[in-house]
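Novice: build me a model from this:
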Amino acid sequence: LVQKSPIKVAQLIDALHKTIGENDVMAYLVMMAIRLVELHRVLKDTGSLYLHCDPTMSHYIKVVLDQIFEPANFRNEIIWKRTSAHNDPGRYGANIDNILFYTKGVSWTWNQIYSPHDQEYIVRFRHKEPDGRLWSDFDLTAKGLTGGGYVYAYKGVKSLWRCPLETMQQLDAEGRLHFTKAGGIRLKRYLDDTKGTVLQCLWDDISPINSQAKERLGYQTQKPLALLERIVQASSNEGDVVLDPFCGCGTAVVAAQKLNRRWIGIDVTHLAIAVMKKRLEDSFPGIKYEVIGEPKDVEGAKALARQDRYQF
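Specialist: Numbers count the residues shown, from 1 in each chain. As a prediction, the model looks like this:
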């Protein structure tokens, strides 16, 4: 796969070029394809890739990623509400971005993330224990469910139950049964039994960077720290390496440092490097890191400028 992937990508890019022509979209796809092949090469077998883009490019990029990572390793297209409501004349307000989530293989690092229960769910827990724990009662019968159940009488109540007698006895011993006034038995479920709702692929709970945001740096493409923290936390463990090859003002590396991951950040502009250095030093006083490729003196800057002119 690794050997065939660049060939398949080259064939895809050639086909896209014949269809799309020579324009900014094609230039972006060529630039990204080369880098995505290399990112796949260096990614751990248990690693993941998250690619952030807008809806005008996500469909093109997904086709490229399918060639490199294989369609079976596509996990999610995450929709992030990146701004508040827009008034875009003649169309629906464009207020989302796309995050494409791929893994290198069939086994990957995953830490389940939960979002808080919504108010509609919380209000169902109307009962309160003496210790303050909120609970609600849920059906214990298997009537109407496919797959059958267990028929027996428990404390004089005979029914088709969802659980065997041994489980019913255990629930009773734990104080998890609610005996109703109508003579039924229901399950006590506590609000704090679960961490929340399993996070879905629609993310509308992370506020964008607006003019009033405390973390605002004035960097045009700055992403909220909470967005990158969520991604880093879900797909890596402490001590793992997080690589951001387009790190801009360094939100991903700040998230990685905060969550005790190792990190590598790459960017081509000295503005980004300068912003990143100040941000790291302000956020983590005394932090130790190395900047590779930054000129140390005037001669080094001139040499770098000559190299840039030669390359571009």
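Novice: the helices in the stretch 1-150 of the chain, which residues?
Specialist: If DSSP state H, counting those that start in this stretch is used as the criterion, the helices of the stretch 1-150 of the chain fall at 4-20, 24-42, 58-69, 119-122.
Novice: okay, those helices, which one's buried deepest?
Specialist: helix 58-69 (a mean of 19; mean count of other C-beta atoms under 10 Å). (C-beta placed from N, C-alpha, C; glycine too.)
Novice: quick one: which of the helices of the stretch 1-150 of the chain is nearest residue 211?
Specialist: helix 58-69 (27.1 Å; C-beta to C-beta).
Novice: which neighbouring elements make contact with that closest one?
Specialist: When contacts are defined as 3 or more C-beta pairs under 8 Å, 6 or more residues apart in numbering; DSSP states H and E, helix 58-69 packs onto helix 4-20, helix 24-42, strand 48-53, strand 74-81, strand 96-103.
Novice: quick one: the second one to helix 58-69, angle?
Specialist: Spelled out, that is helix 24-42. 30 degrees (axes from the mean of the first three to the mean of the last three C-alpha atoms, to 10 degrees).
Novice: what helices or strands is helix 24-42 leaning on?
Specialist: helix 4-20, strand 48-53, helix 58-69.
Novice: may I see the helices and strands packed on helix 58-69 arranged in CSV, with distance to residue 67 as well?
Specialist: Formatted as CSV, these follow (distance: least, C-beta to C-beta, whole Å):
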stretch, distance to residue 67
helix 4-20, 5
helix 24-42, 9
strand 48-53, 14
strand 74-81, 11
strand 96-103, 11
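Novice: closest one to residue 133 among those?
Specialist: That would be strand 74-81 among the helices and strands packed on helix 58-69, by C-beta to C-beta, at 33.5 Å.
Novice: nearest to residue 286 among the helices of the stretch 1-150 of the chain would be which one?
Specialist: When those are ranked by proximity to residue 286 (C-beta to C-beta), helix 24-42 comes first, at 29.5 Å.
Novice: now the strands for this protein?
Specialist: In the chain, the strands defined using DSSP state E lie at 48-53, 74-81, 96-103, 114-115, 127-128, 134-139, 150-154, 157-161, 177-179, 185-190, 197-198, 202-203, 241-244, 262-265.
Novice: those strands into TSV, with extra columns for distance to residue 62?
Specialist: TSV is the format used below for the strands of the chain (distance: least, C-beta to C-beta, whole Å):
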stretch	distance to residue 62
strand 48-53	9
strand 74-81	7
strand 96-103	6
strand 114-115	25
strand 127-128	47
strand 134-139	40
strand 150-154	47
strand 157-161	47
strand 177-179	49
strand 185-190	40
strand 197-198	24
strand 202-203	17
strand 241-244	20
strand 262-265	25
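Novice: need the ones you listed in JSON lines with mean neighbour count, can you?
Specialist: Formatted as JSON lines, the strands of the chain follow (neighbours: other C-beta atoms under 10 Å):
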{"stretch": "strand 48-53", "mean neighbour count": "19"}
{"stretch": "strand 74-81", "mean neighbour count": "17"}
{"stretch": "strand 96-103", "mean neighbour count": "20"}
{"stretch": "strand 114-115", "mean neighbour count": "13"}
{"stretch": "strand 127-128", "mean neighbour count": "12"}
{"stretch": "strand 134-139", "mean neighbour count": "16"}
{"stretch": "strand 150-154", "mean neighbour count": "13"}
{"stretch": "strand 157-161", "mean neighbour count": "15"}
{"stretch": "strand 177-179", "mean neighbour count": "16"}
{"stretch": "strand 185-190", "mean neighbour count": "17"}
{"stretch": "strand 197-198", "mean neighbour count": "11"}
{"stretch": "strand 202-203", "mean neighbour count": "15"}
{"stretch": "strand 241-244", "mean neighbour count": "18"}
{"stretch": "strand 262-265", "mean neighbour count": "19"}
